[in-house]
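*Asks:* Mind looking at a prediction? Sequence and model below.
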Amino acid sequence: MQVYDPTAPGPATLPDLLRTVGDLRGKVVGFIDNSKPNFNLLVDDLAVLLTERYGVKSVIKQGKRSVATPAPAQVLDELAAQCDLVVTGSGD
């Protein structure tokens, strides 16, 4: 699994932006909760939608201490080892 750091210097290349996961059926999707209000509620709803409508095998949720800090390396390593796709997001 390739993890992209949005704070990394330099622009992303077009092939990186066009890469897709494809069919979600049987995939494991991870979410990194950035500790903003309501993100956990959004992820709970998305988990139901992804499993019921798109056949996602399971959803794994991990958190980080605050919106201002990066996710710990251990969290990223665990998600990379277990997930086909990881989404980090925000909710207010």
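*Replies:* Thanks, I have the structure now.
*Asks:* in this structure, which spans are helices?
*Replies:* 14-18, 39-54, 73-82 (DSSP state H).
*Asks:* Of these, which is nearest M1?
*Replies:* Closest approach to M1 among the helices of the chain (CB to CB): helix 73-82, 4.6 Å. Using the backbone N, CA and C atoms, a C-beta is placed for each residue, glycine as well.
*Asks:* Contacts for the closest one, please.
*Replies:* With CB atoms under 8 Å, 6 or more residues apart in numbering as the test, helix 73-82 has contacts from 1, 3, 28, 30, 32, 60, 62-64, 86.
*Asks:* can you pull the buried residues of that helix?
*Replies:* 75-76, 79 (16 or more other CB atoms under 10 Å).
*Asks:* quick check, nearest of those to G55?
*Replies:* Out of the buried residues of helix 73-82, the member with the shortest distance to G55 (by CB to CB) is L79, at 20.2 Å.
*Asks:* Would you check how far apart that closest one and V21 are?
*Replies:* Going from L79 to V21 by CB to CB, to the nearest Å gives 14 Å.
*Asks:* related to what we said a few turns ago, just the buried ones out of the contacts of helix 73-82, please.
*Replies:* Looks like the contacts of helix 73-82 have 28, 30, 32, 62-64, 86 buried, using 16+ other CB under 10 Å.
*Asks:* Turn the residues you listed into JSON lines, including pLDDT and distance to N40.
*Replies:* As requested, those are exported to JSON lines (pLDDT from 0 to 100; distance: CB to CB, whole Å):
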{"residue": "V28", "pLDDT": "96", "distance to N40": "19"}
{"residue": "G30", "pLDDT": "95", "distance to N40": "14"}
{"residue": "I32", "pLDDT": "91", "distance to N40": "11"}
{"residue": "Q62", "pLDDT": "91", "distance to N40": "11"}
{"residue": "G63", "pLDDT": "84", "distance to N40": "8"}
{"residue": "K64", "pLDDT": "84", "distance to N40": "12"}
{"residue": "V86", "pLDDT": "90", "distance to N40": "16"}
